[in-house]
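>>> next comes the sequence, and after it the predicted model I'd like to discuss.
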Amino acid sequence: MFQDLIAGGTESSAVTVEWAISEMLKKPEIFAKATEELDRVIGRERWVEERDTVNLPYIDSIAKETMRLHPVAPMLVPRMTREDCQVDGYDILKGTRALVNVWTIGRDPTVWDNPNEFCPERFIDKTIDVKGHDFQLLPFGAGRRMCPGYPLGIKVIQASLANLLHGFTWKLPGNMTKEDLDMEEIFGLSTPKKCPLQAVAVPKLPLHLYSH
Ligand code: HEM
């Protein structure tokens, strides 16, 4: 069970961070905004620590925007109705298997402006969170079977993304252009990238910070 918890937690965070950097390589101006925030809040003499993340609203918005477009579990975990009920005028019989398609909710044009555009700014100064109360953004699910690891998951995503952006300048390899970057996903129980991201990470902090 512990192995499952560790594997589930680390894989989900790594997939999310890979999507975040891929989306940013498609829209390089976002790197500049993230770098501005990191330089202002952290400076160039140290790495980002977990306690810093509350002071990094733009990094938080990048994480949320990535989870909106690329939820790790696009259909959550299936539910079974325990009694007959009605949802939005539809009769649902007891014992029906119900799937909540958070992937589609995250791209619903009646809920989101320009839903297919990666735009972290949409979360700036908004209270919308990933704690299962804002039904338009449910990357960790909601209710009694919501992800119990979400406080850890969100912190791992924020801290690792912040450090990867703080410590490195990101580029596409060789002559590759942002148009060449493949954004296809494998659609199943989870949604990893079909083609793993290949990118060049160039250190940008003082060299002694990379020594241990
Ligand atoms: C990026 C990080 C993570 C994401 C996006 C994520 C997402 C999810 C989602 C969507 C569910 C299903 C919730 C539902 O159907 O309402 C789930 C369930 C679960 N997650 Fe996570 N998770 C993450 C990290 C973690 C971590 C770090 C742990 C443990 C340390 C964990 C343990 C679990 C467990 C045990 C369940 C099953 C809960 C149940 O069925 O009652 N997850 N997760």
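Sure, I can see it. Residues are numbered from 1 along each chain as shown.
>>> nearest spatial neighbour of Val100, chain-adjacent residues omitted?
Among residues not flanking Val100 along the chain, Leu76 sits closest, at 4.9 Å (C-beta to C-beta, 6 or more residues apart in numbering). For the C-beta atoms, the positions are set from N, CA and C on the backbone; glycine is no exception.
>>> so the one you found, which of the three states?
coil (DSSP: H, G, I helix; E, B strand; the rest coil).
>>> now do Gln86
strand.
>>> is it bridged to anything, and to what?
Gln86 forms beta bridges with Asp91, as assigned by DSSP bridges.
>>> who touches the residue of the chain most remote from its centre in this structure?
Going by C-alpha atoms, centre = their mean, the residue of the chain most distant from its centre is Asp84, 34.8 Å out. Each residue near Asp84 by C-beta atoms under 8 Å, 6 or more residues apart in numbering is listed here: 91-94.
>>> just name the closest of these to His133, please.
Nearest to His133 out of the contacts of Asp84 is Ile92 (C-beta to C-beta; 22.7 Å).
>>> who's in contact with that closest one?
81, 84-86, 98.
>>> how close does it get to Arg79?
10 Å (C-beta to C-beta, to the nearest Å).
>>> overlap of the contact sets of these two?
Here Ile92 and Arg79 have Ala98 as joint contacts, going by C-beta under 8 Å, 6+ apart.
>>> so where do the strands sit in the chain?
79-80, 85-87, 90-92, 97-98, 168-171, 200-203 (DSSP state E).
>>> so how far is the ligand from Gly143?
Note on Gly143: its distance to the ligand, by C-beta to the nearest ligand atom, to the nearest Å, is 6 Å.
>>> list, one by one, the residues from this protein near the ligand.
Contact residues (C-beta under 6 Å from any ligand atom) of the chain with the ligand: 5, 8-9, 12-13, 16, 72-73, 76-77, 139-142, 145-149, 152-153, 157.
>>> Leu189: neighbouring residues, count only.
10 (other C-beta atoms under 10 Å).
>>> next: Leu76.
A total of 22 residues lie near Leu76 under the criterion other C-beta under 10 Å.
>>> repeat that for Ala73.
By other C-beta under 10 Å, neighbour count at Ala73 equals 20.
>>> tell me the contacts of it?
12, 102, 139, 141, 189-190.
>>> go again using 6 Å as the cut-off
Counting by C-beta atoms under 6 Å, 6 or more residues apart in numbering, Ala73 touches no other residue.
>>> where does this protein have low pLDDT?
Applying pLDDT under 70 to the chain picks out residues 1-9, 212.
>>> these two touch, right, the residue nearest to Val100 and Gly141?
Yes. Between Leu76 and Gly141 there is a contact at 4.8 Å, judged by C-beta atoms under 6 Å.
>>> pull up the overlap in contacts between the two.
Counting by C-beta under 6 Å, 6+ apart, nothing touches both Leu76 and Gly141.
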